[in-house]
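*Asks:* need a structure here:
(2 chains)
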Amino acid sequence: GAVVSQHPSRVICKSGTSVKIECRSLDFQATTMFWYRQFPKQSLMLMATSNEGSKATYEQGVEKDKFLINHASLTLSTLTVTSAHPEDSSFYICSAQNYRGLAEKLFFGSGTQLSVL
Amino acid sequence: DQQVKQNSPSLSVQEGRISILNCDYTNSMFDYFLWYKKYPAEGPTFLISISSIKDKNEDGRFTVFLNKSAKHLSLHIVPSQPGDSAVYFCAASAAGSNYQLIWGAGTKLIIKP
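*Replies:* Okay, the predicted model is just below:
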């Protein structure tokens, strides 16, 4: 089946630093990638939709200058948390879609647990 | 305001018995519902879905029931197996945006031997 690789799986950083998370589709070209955030015992919340070669579309309440998304190729999207603060500590997960419009064709990375000290 | 609610954070079921996971929603515009399964340290994987034009969809041991009037859906797993132990997420989407999923908080299913 389709594989989405997400790295790193866990990162601990100091407040004020920037953290980059990579999401790669390993055996298919992903026209669209999605970034989610999940706080403990809460729903997965869509942060932004990333289309290859164009600017990401951010959900309401998500700061685009803080969460920089780059989808430079059909197999790679990156999320950079800039000037991270403790409140940014969360579980970040990406998903990639290889067929437009079908939610069943979403494949998820294994997630990144970010802890900001 | 949570549009998709999974009110049971966890559920424990004996192996071989039926597992019933519940999900409620508030948005009447939702017309497509999905269940995802998630193991620790892995991303969610698609399990089964149902369109609002149906009230039941079955795939092997998994059956999803939809009650539109009650805005309620449930996932039945029978018989439950140890490998079914995972977190199950309910997700919903509105017409025209199948990939814009609204997620529940998940229910951790524990299958006891």
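
*Asks:* quick check: which ranges of chain A have low pLDDT?
*Replies:* A:1-2, A:98-104 (pLDDT under 70).

*Asks:* whoops, chain B was the one
*Replies:* Using pLDDT under 70, chain B drops low at B:1, B:96-99.

*Asks:* near chain A, which residues of it?
*Replies:* Counting by C-beta under 8 Å from any C-beta of the partner chain, chain B comes close to chain A at B:2, B:4, B:9, B:32, B:34, B:41-46, B:49, B:89, B:91, B:93, B:98-106. Where C-beta positions appear, they are placed from N, C-alpha and C, glycine not excepted.

*Asks:* among those, which lie within helices?
*Replies:* Counting by DSSP state H, no part of the residues of chain B next to chain A is found in helices.

*Asks:* and these, which are buried?
*Replies:* Those of these that meet the buried threshold are B:4, B:32, B:34, B:43-44, B:46, B:49, B:89, B:91, B:93, B:98-99, B:101-106, by 16 or more other C-beta atoms under 10 Å in any protein chain shown.

*Asks:* restricted to strands, list the residues you listed.
*Replies:* B:V4, B:Y32, B:L34, B:F46, B:S49, B:F89, B:A91, B:S93, B:I102, B:W103 (DSSP state E).

*Asks:* let me see the contact set for the last one.
*Replies:* When contacts are counted by C-beta atoms under 8 Å, 6 or more residues apart in numbering or on different chains, B:W103 touches A:S43, A:L44, A:M45, B:V4, B:F89, B:C90, B:A91.

*Asks:* from what I can see the fifth one touches B:K38, true?
*Replies:* Spelled out, that is B:F89. Yes: look at B:F89 against B:K38 with C-beta atoms under 8 Å: they come within range, at 6.4 Å.

*Asks:* can you count the residues close to B:V78?
*Replies:* Around B:V78 there are 14 other residues, counting by other C-beta atoms under 10 Å in any protein chain shown.

*Asks:* separation between it and chain A?
*Replies:* 22 Å (C-beta to the nearest C-beta, to the nearest Å).

*Asks:* residues contacting that residue?
*Replies:* B:R17, B:I18, B:S19, B:R61, B:T63.

*Asks:* let's see stretch B:56-69 as PDB, backbone CA atoms only.
*Replies:* C-alpha atoms of stretch B:56-69 as PDB (Å, rounded to 0.1, in the frame of the first residue of the first chain):
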ATOM      1  CA  LYS B  56     -25.600   0.500   6.700                       C
ATOM      2  CA  ASN B  57     -22.300  -0.500   5.100                       C
ATOM      3  CA  GLU B  58     -20.600  -3.800   5.800                       C
ATOM      4  CA  ASP B  59     -17.000  -5.000   5.100                       C
ATOM      5  CA  GLY B  60     -16.100  -8.300   6.600                       C
ATOM      6  CA  ARG B  61     -16.100  -8.000  10.400                       C
ATOM      7  CA  PHE B  62     -16.800  -4.300  10.300                       C
ATOM      8  CA  THR B  63     -20.200  -2.700   9.900                       C
ATOM      9  CA  VAL B  64     -21.100   0.900  10.100                       C
ATOM     10  CA  PHE B  65     -24.600   2.000  10.800                       C
ATOM     11  CA  LEU B  66     -25.900   5.500  10.200                       C
ATOM     12  CA  ASN B  67     -29.000   7.000  11.800                       C
ATOM     13  CA  LYS B  68     -29.400  10.400  10.200                       C
ATOM     14  CA  SER B  69     -32.400  11.500  12.300                       C
END
